[in-house]
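A.B. asks: this is the structure alone, sequence omitted:
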């Protein structure tokens, strides 16, 4: 009986139950599809919701699910005639960033130019669509955006949160000289800080309770506000009691939504990006009503990847400074625990699919003879220097090595 080709994937079985397992390879791409060999994947705040609670909003995990939606990779195969996100033929070997949203393209909202509100939307990592925290994933070809050589895999991964920031900035209608407050200096909040700054906003206040994140916000040009004290009072004091033109909530959408409403001037704009743990929005009606606020909600992004790529290519934004930790896929559970507990000054966690964990390396050593290992010294040296290879690559090198002859 022929063996079934398998791959490694991080699958969520329930709250705090994330397992890296061998599962069947996704198979060759169908019409209009591409098979992506994932190189890196980011851990997003919405992934943390799923990990902690087994749901996000009212989308509940019913069975084991490959999670993750921020990723970059290499096209392993593409269907004949498949077009990428730039309407060009997608070819094997292309390095790509992948938009996780899979809109239908023909419903009312897609026709209205709002694919992020697609009535038939499928999203990578949300049931029933497999996520990207796996060695391979099959996606619609049009969600793949080739990236130039001067954009690293890590930057390509972070084009997704940058896209959220661009959509947020578009919605907010920040103009040159608009004063802005951003609540939350996580990866999305720090991307928003940079896009608002590029749009001409200023001054820009960033409120955050974790000191190391606040320090990074200051480095990126924000006026830092310590959220552990009185963030509303601090913003009102600096603005002479007026408040800011735009307040953007990019945290966990709890008491921070009310804080944002209190920071905004009369007639100003409140934009909610964060997702609530409890799927509830709490805000004083009188605050919003008496101030005559415009309240907007961010639903992912729309048509932002080409702009995000252009900004990254021009070095107009700094994305790699957001990454604090890297883990191999085999240690995905440890990565999630670290992130949810906010240990070790964590900011952004990236999983490297080609990186070998100590456990995998030990397993490989057991499986191979001393002679085979000796003939793979170059690969092992690269491993020790941090130039990681996959287990499959090491096995291929070992198996191709011939026994010495007398």
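C.D. replies: On my side now, so go ahead. Please read all numbers here as calculations on a predicted model, not as lab measurements.

A.B. asks: for the stretch 301-406 of the chain, what spans make up the helices?
C.D. replies: Defined through DSSP state H, counting those that start in this stretch, the helices belonging to the stretch 301-406 of the chain, from first to last, are 305-313, 332-341, 358-367, 370-374, 377-385, 391-400.

A.B. asks: what's the mean pLDDT across the shortest one?
C.D. replies: The one in question is helix 370-374. Averaged across helix 370-374, the pLDDT comes to 53.

A.B. asks: with the fifth one instead?
C.D. replies: Rounded to a whole number, the mean pLDDT of helix 377-385 is 49.

A.B. asks: could you list the low-pLDDT ranges of this structure?
C.D. replies: Confidence mapping of the chain against pLDDT under 70 gives the ranges 1-4, 253, 356-406.

A.B. asks: domain boundaries for it, per the record?
C.D. replies: 6-158+319-352, 162-297, 358-400 (automatic domain parsing).

A.B. asks: can you give me how far the second one is from the chain middle?
C.D. replies: Its chain's C-alpha centre lies 20 Å from the corresponding centre of domain 162-297 when counted by Cα atoms, centre = their mean, to the nearest Å.

A.B. asks: for whichever strand or helix holds residue 35, packing partners?
C.D. replies: Element membership of residue 35, judged by DSSP states H and E, is strand 33-42. Using 3 or more Cβ pairs under 8 Å, 6 or more residues apart in numbering; DSSP states H and E, the elements in contact with strand 33-42 are strand 70-78, strand 95-98, strand 136-140, helix 153-157, strand 348-352. Using the backbone N, CA and C atoms, a C-beta is placed for each residue, glycine as well.

A.B. asks: any idea of the angle the top helix by length along the chain forms with strand 348-352?
C.D. replies: Identified as the longest helix of the chain according to DSSP state H is helix 159-172. Between the direction of helix 159-172 and that of strand 348-352, the angle (axes from the mean of the first three to the mean of the last three Cα atoms, to 10 degrees) works out to 140 degrees.

A.B. asks: for the residue nearest the centre of the chain, give me its contacts.
C.D. replies: The central residue of the chain, meaning the one whose C-alpha is nearest the mean C-alpha position (Cα atoms, centre = their mean), is residue 70 at 3.6 Å. With contacts defined as Cβ atoms under 8 Å, 6 or more residues apart in numbering, the neighbours of residue 70 are 41, 42, 43, 44, 100, 132, 157, 158, 160, 161.

A.B. asks: ok, the second one - contacts?
C.D. replies: Meaning residue 42. Neighbouring residues of residue 42 by Cβ under 8 Å, 6+ apart: 68, 70, 71, 157, 158, 160, 161, 187, 348, 349, 350, 351.
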